[in-house]
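Asks: Show me the folded form of this:
(2 chains)
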Number of protein chains: 2
Amino acid sequence: MKAVGLLSGGMDSATTLAIARSKGFECHALSIAYGQRHASELDAAGKIAKKLGAVKHQTITVNLNQVGGSALTDHSIAVPETPTTDIPVTYVPARNTLFLSLALGLAEVIGSSDLFIGVNARDYSGYPDCRPEFIESFERLAALATKAGVSGGPAFKIHAPMIHMSKSEIIQLGLSLNVDYRSTVSCYQADSAGRACGRCDACRIRREGFLSAGIADATNYVAGVL
Amino acid sequence: MKAVGLLSGGMDSATTLAIARSKGFECHALSIAYGQRHASELDAAGKIAKKLGAVKHQTITVNLNQVGGSALTDHSIAVPETPTTDIPVTYVPARNTLFLSLALGLAEVIGSSDLFIGVNARDYSGYPDCRPEFIESFERLAALATKAGVSGGPAFKIHAPMIHMSKSEIIQLGLSLNVDYRSTVSCYQADSAGRACGRCDACRIRREGFLSAGIADATNYVAGVL
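Replies: Sure, this is the predicted structure:
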């Protein structure tokens, strides 16, 4: 059974890929180079795909810098280093719709009906496209968007196993599935070597996850930040 | 009022953009360079955007050649030159899901709630992502995928004014809105100068449209094909 696993290079997508593998899926890992500030996550994705035994890892490039509207794609907008109750400026408009559309196209071509995405509604509840209702809506769309929607072929299933988990639970589950979190990059402004800033939302949530799980923080920080 | 108009460079999207303009929208035209065989349609799109008074024309590149699965993106698959009753191999998996996701992201960034797409369910009824139920489903998805879905902002409207029209009706409507069809490229295997093969489905449907409308065929064909 084939699956397409979206793989950013962060903890959640790595753990999601590990779950897909543990369920016996032959995994095609898909990363998107969308002009993200933290492009070193893509190097991480390549290593993770290999370690977790993906049969293939593809990276599709879509330049969202010309669209902008996010601190991750418009590099003149600073990554916030204090928490907010609003949707943070690191939100990338329609990113998960785009990622799932690319995964859907690839799935249709390789003959897979299973898409895996590491969205999490709990820690990142500010992002509209990480919510269960978004995932369910995309699943309904996928049923209409492709040949299977005409021919009555098998419906697409969008698996989002991290969606309700805490970061601590994700880390514990991932470790039980041999995810090497040292290889993952979460930081929104990781440097080209993948070293984390220790100050952005992604770093803060990741660090709290390790603390809460009682596990040593497996993050490569830039010198002197902690 | 701002709108994002997906503009392939063909007749339907050009006519759709003309309709958006006639309704008073300030139009941001969006083309996608997805590795299509008929890349000359993108040159056509630039000219059309200008002629129809779009305030801006952007082209986003997404390389679907590495995904393939279509005669338009896998150049080793020949473009069929005889009609079929099945979904033709020119179908590009999840293309309109991808295009709408990019349009949605751009719309959110520029503060628009109106997306225009030139899909047509009548002539191209084989394409699953040209059907009204797909468009309606994407509209529901868009309501959940973006900030507006959380904040209660204005819902996105996906306008598909061509969806039920025949090619002849499209041509007649477009001419009344001053669409210059000589600038449009429909052919799936147009050469680099935008000259049409006269034999593929797109050429056949376009030619029949002009004939049926009783209007001289404004297509630039390669020499000797008709």
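Asks: what's residue A:192 in contact with, if anything?
Replies: Residue A:192 sits next to A:39-40 when contact means Cβ atoms under 8 Å, 6 or more residues apart in numbering or on different chains. In this view, the C-beta of every residue, glycine as well, is placed from N, C-alpha and C.
Asks: any idea which helix or strand carries it?
Replies: For residue A:192, there is no helix or strand it lies in under DSSP states H and E.
Asks: And the lowest mean pLDDT element among the helices and strands of chain A?
Replies: When the helices and strands of chain A are scored by mean pLDDT, DSSP states H and E, helix A:148-151 comes last with a mean of 87.
Asks: Please state the offset of that one from the chain centre?
Replies: Computed by Cα atoms, centre = their mean, to the nearest Å, the chain-centroid distance of helix A:148-151 equals 28 Å.
Asks: Can you list the buried residues in that helix?
Replies: Neighbour-count burial for helix A:148-151, counted by 16 or more other Cβ atoms under 10 Å in any protein chain shown, picks out A:148-150.
Asks: CSV for these, including distance to chain B?
Replies: CSV is the format used below for these (distance: Cβ to the nearest Cβ, whole Å):
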residue, distance to chain B
A:148, 8
A:149, 5
A:150, 5
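Asks: and of those, the nearest to residue A:86?
Replies: Ranked by distance to residue A:86 (Cβ to Cβ), those are led by residue A:149 at 36.7 Å.
Asks: so how far is residue A:44 from residue A:218?
Replies: Plainly put, residue A:218 is 12 Å away from residue A:44 if you go by Cβ to Cβ, to the nearest Å.
Asks: tell me the contacts of the residue lying closest to residue A:155 once chain neighbours are set aside?
Replies: In space, and not counting its chain neighbours, residue A:155 is closest to residue A:143: 5.0 Å by Cβ to Cβ, 6 or more residues apart in numbering or on different chains. Neighbour list for residue A:143: A:149, A:155-156 [criterion: Cβ under 8 Å, 6+ apart].
Asks: does residue A:31 really touch residue A:61, like I thought?
Replies: No. Residue A:31 is beyond contact range of residue A:61, at 9.8 Å (criterion: Cβ atoms under 8 Å).
Asks: which SS class is residue A:155?
Replies: Following DSSP: H, G, I helix; E, B strand; the rest coil, residue A:155 is assigned to coil.
Asks: and whichever helix or strand residue A:99 is part of with helix B:95-110, angle?
Replies: Using DSSP H and E, residue A:99 maps to helix A:95-110. Helix A:95-110 runs at 170 degrees relative to helix B:95-110, counting by axes from the mean of the first three to the mean of the last three Cα atoms, to 10 degrees.
Asks: What helices and strands are in contact with the least confident helix or strand of chain A?
Replies: Judged by 3 or more Cβ pairs under 8 Å, 6 or more residues apart in numbering or on different chains; DSSP states H and E, helix A:148-151 is in contact with no other helix or strand.
Asks: Helix or strand next in line after it, which one?
Replies: strand A:157-159.
Asks: who does that next one pair up with?
Replies: Strand pairing for strand A:157-159, using DSSP bridges, gives strand A:114-116 (parallel).
Asks: returning to what we had before: among residue A:218 and residue A:44, which residue is more densely surrounded?
Replies: Just comparing residue A:218 and residue A:44: by other Cβ atoms under 10 Å in any protein chain shown the higher neighbour count belongs to residue A:44, 24 against 16.
Asks: Check which residues of the helix holding residue A:99 are buried.
Replies: A:95-110.
Asks: From those residues, pick out the ones that also neighbour chain B.
Replies: Residues of the buried residues of helix A:95-110 in contact with chain B (Cβ under 8 Å from any Cβ of the partner chain): A:95-98, A:100-102, A:104-106, A:108-109.
Asks: Direction included, what does the top strand by length along chain A pair up with?
Replies: Counting by DSSP state E, the longest strand found in chain A is strand A:26-33. The strands that strand A:26-33 pairs with in its sheet are strand A:2-6 (parallel), strand A:56-61 (parallel) (by DSSP bridges).
Asks: State the pLDDT value of the residue nearest to residue A:132 when sequence neighbours are not counted.
Replies: Once flanking residues are discounted, residue A:132 sits nearest to residue A:163: 5.8 Å by Cβ to Cβ, 6+ apart. Listed pLDDT for residue A:163 reads 97.
Asks: who touches residue A:24 in this structure?
Replies: By Cβ under 8 Å, 6+ apart, residue A:24 lies in contact with residue A:1.
Asks: burial count for residue A:176?
Replies: By other Cβ under 10 Å, 11 other residues sit near residue A:176.
Asks: Let me know the distance separating it from chain B.
Replies: Separation of residue A:176 from chain B (Cβ to the nearest Cβ, to the nearest Å) stands at 32 Å.
Asks: cool, residue A:64 as well?
Replies: Distance from residue A:64 to chain B, counting by Cβ to the nearest Cβ: 7 Å.
Asks: doesn't that residue fall inside a helix?
Replies: No. Using three-state DSSP, the assignment for residue A:64 is coil, not a helix.
Asks: With chain B as the reference, measure out to the closest residue to residue A:117 other than its chain neighbours.
Replies: Leaving aside its sequence neighbours, residue A:117 sits nearest to residue A:6 (Cβ to Cβ, 6+ apart; 4.8 Å). Separation of residue A:6 from chain B (Cβ to the nearest Cβ): 13 Å.
Asks: so residue A:6 touches residue A:99, yeah?
Replies: Yes. Contact criterion Cβ under 8 Å: residue A:6 and residue A:99 qualify, at 5.4 Å.
Asks: what is in contact with the two at once?
Replies: Residues touching both residue A:6 and residue A:99 (Cβ under 8 Å, 6+ apart): A:32, A:117.
Asks: Could you tell me which residues make contact with the most far-flung residue of chain A relative to its centre?
Replies: The centre of chain A is farthest from one residue, residue A:151, which by Cα atoms, centre = their mean lies 31.1 Å away. Contacts for residue A:151 (Cβ under 8 Å, 6+ apart) come out as residue B:87.
Asks: any weak-confidence spans in chain A?
Replies: Where chain A drops to pLDDT under 70, the residues are A:124-125.
Asks: Helices along that one, start to end?
Replies: Listed in chain order, the helices found in chain A under DSSP state H are A:11-22, A:40-51, A:95-110, A:132-145, A:148-151, A:167-176, A:201-213.
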